[in-house]
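Peer 1: return a 3D structure for these sequence lines:
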Amino acid sequence: RAPRTTAMRGLGPVVAPPGPRAPGAPGAGRASVALASTGSDSEAEGETKSKVPFVFDLRTRGGVVFWGLAITVLPFPVYTIAEKLGYGGDLLGPIISISYILLLSGGWVASYVYRVANKGMTYAQQLRDYEDQVLQKRLEGLRDDEIEALLDEIDYERE
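Peer 2: From the prediction side, this is the model:
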């Protein structure tokens with residue numbers, strides 16, 4: 001009989017052993033389960049490898065320093081350009097400052113809402129990783145017949 005595969009949440013395809021092992025055979029009584037990566041590890045590695053130079057990548061120290069300085073310095077050239085275009089007066093500084101603060105605050109709130117909506121918050125990600133590790137450990141501790149029963153149950157639920 002050919003091995004069956006089925007996907008479990010976060011673990012990728014689970015390959016059930018083709019049949020019972022002979023007593024005394026290596027691994028007898030233990031589940032021989034091959035777990036294929038769902039790409040979460042490779043995606044996590046891929047996230048650190050960006051096509052953007054490290055100076056512009058916010059996930060690097062260089063990117064944080066660059067964008068921090070850029071955000072800090074940006075209002076000064078805006079003020080100078082506005083003055084040269086003839087928008088002067090006593091209100092130019094406060095208008096630029098208030099606009100800049102509102103823009104930054106709005107951007108921060110929008111990024112926060114986006115992360116909450118996509119469950120990209122640190123706690124949610126840690127919880128998913130922990131649940132996947134717990135499932136992995138439980139699966140490794142199952143015997144062949146228990147894995148077979150789980151696979152049958154999953155197949156039954158799909159039908």
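
Peer 1: and the longest helix for this structure?
Peer 2: helix 92-117 (DSSP state H).

Peer 1: and that one, which residues are buried?
Peer 2: residue 96 (16 or more other CB atoms under 10 Å). All C-beta atoms are positioned from the backbone trio N, CA, C, and that covers glycine.

Peer 1: just checking, what packs against that helix?
Peer 2: helix 75-84 (3 or more CB pairs under 8 Å, 6 or more residues apart in numbering; DSSP states H and E).

Peer 1: between helix 92-117 and the helix it packs on, find me the angle.
Peer 2: 140 degrees (axes from the mean of the first three to the mean of the last three CA atoms, to 10 degrees).

Peer 1: what helices or strands is helix 75-84 leaning on?
Peer 2: helix 92-117.

Peer 1: and after the helix it packs on, which helix or strand comes next?
Peer 2: helix 122-140 (DSSP states H and E).

Peer 1: please save the CA atoms from that next one in CSV.
Peer 2: Presented in CSV, the C-alpha positions along helix 122-140 are these (Å, rounded to 0.1, in the frame of the first residue of the first chain):
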residue,chain,number,x,y,z
THR,A,122,4.3,39.6,17.7
TYR,A,123,2.1,37.8,20.2
ALA,A,124,-0.1,36.3,17.6
GLN,A,125,2.9,35.0,15.6
GLN,A,126,4.5,33.6,18.8
LEU,A,127,1.3,31.8,19.7
ARG,A,128,1.0,30.3,16.2
ASP,A,129,4.7,29.1,16.3
TYR,A,130,4.1,27.6,19.8
GLU,A,131,1.0,25.8,18.7
ASP,A,132,2.8,24.4,15.7
GLN,A,133,5.7,23.2,17.9
VAL,A,134,3.3,21.5,20.3
LEU,A,135,1.5,19.8,17.4
GLN,A,136,4.8,18.6,16.0
LYS,A,137,5.9,17.1,19.4
ARG,A,138,2.6,15.4,19.9
LEU,A,139,2.7,14.0,16.4
GLU,A,140,6.3,12.7,16.9
